[in-house]
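Peer 1: With the input below, show me the fold.
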Amino acid sequence: MPLPRFLDIEYCQTDDTVFPTAMSWSLEDGRLKTVVIAPDDSWISEDSDLGDVDLLYLEEQGVPVIELAQELHQDLPDQTVFTDGMDPDEILVDLIFTAVSMEPPFEVAPITELITTLDTDSLEDRRRQLLFDEGLEPTLSENGVYALLLLAREEGLLED
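Peer 2: All right, here's what the predicted structure looks like:
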């Protein structure tokens, strides 16, 4: 049985915009990939107040959206990719692929569709506890994916 795949997206959300800033996903062998995302011009208007988001950093260090889309096509073809279900991940995935006129190669589903033995609140409490126990910053996408992998392992969905 193949390992379930997980994804988490960091994002900027203001009154007038929402867009992805970083993304992490797990691979078939359980390794993680993480990228900073260079924003597409269509995501930000000139007068947008982005709060504490460092746009220059994203533009200089981020992966262009077309490269990200191509990499996701290579890594996650025909997969169901599970998220924590707490963020607008499906909207963010659609933004990425719409910007490059491509269809996502995977389906996004909440972790509750994979782990059905716990309700949504219990799963979220356990995920947060795992982040705390491991000393992980909860806002980093790679930590979100790692916590989902730990949850899946606890539920017997991954081999040790």
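Peer 1: can we go C-alpha only for contacts and neighbour counts from here?
Peer 2: Will do.
Peer 1: What ranges does this protein have for its helices?
Peer 2: 55-61, 65-75, 89-99, 120-133, 141-154 (DSSP state H).
Peer 1: what stretches of the protein score poorly on pLDDT?
Peer 2: By pLDDT under 70, the weakly predicted segments of the chain are 1, 160.
Peer 1: how far away is the residue in it sticking out farthest from the centre from Thr14?
Peer 2: Within the chain, Asp47 marks the point farthest from the mean C-alpha position, 27.0 Å out by Cα atoms, centre = their mean. Distance of Asp47 to Thr14, given as Cα to Cα, to the nearest Å: 12 Å.
Peer 1: Neighbours of the residue nearest to Glu103 when sequence neighbours are not counted, how many?
Peer 2: Distances taken as Cα to Cα, 6 or more residues apart in numbering place Phe97 nearest to Glu103, at 5.9 Å, with adjacent residues excluded. Neighbours of Phe97 under the rule other Cα atoms under 10 Å: 19.
Peer 1: Show the contacting residues for Phe97.
Peer 2: Ala69, Glu103, Pro104 (Cα atoms under 8 Å, 6 or more residues apart in numbering).
Peer 1: So the first one sits against Asp94, correct?
Peer 2: It stands for Ala69. No - in this structure, Ala69 is not within contact of Asp94 by Cα atoms under 8 Å, at 10.7 Å.
Peer 1: Comparing those two, which shows the higher neighbour count?
Peer 2: Here Ala69 and Asp94 are compared on neighbour count by other Cα under 10 Å; more neighbours surround Ala69, at 23 against 13.
Peer 1: how close does the spatially closest residue to that one that is not a sequence neighbour sit to Asp40?
Peer 2: Take Ala69 and drop its neighbours on the chain: the residue closest to it by Cα to Cα, 6+ apart is Phe97, 6.5 Å away. Computed as Cα to Cα, the Phe97 to Asp40 distance reads 11 Å.
Peer 1: Using CSV, write down the CA coordinates of stretch 28-38.
Peer 2: Output of stretch 28-38 as CSV, limited to C-alpha atoms (Å, rounded to 0.1, in the frame of the first residue of the first chain):
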residue,chain,number,x,y,z
GLU,A,28,5.9,8.5,-1.8
ASP,A,29,8.9,7.5,0.4
GLY,A,30,7.9,9.9,3.2
ARG,A,31,10.4,12.6,2.5
LEU,A,32,9.3,16.2,2.5
LYS,A,33,9.7,19.0,0.0
THR,A,34,9.4,22.6,0.9
VAL,A,35,9.4,25.7,-1.3
VAL,A,36,9.0,29.4,-0.9
ILE,A,37,6.6,30.7,-3.6
ALA,A,38,7.2,33.7,-5.7
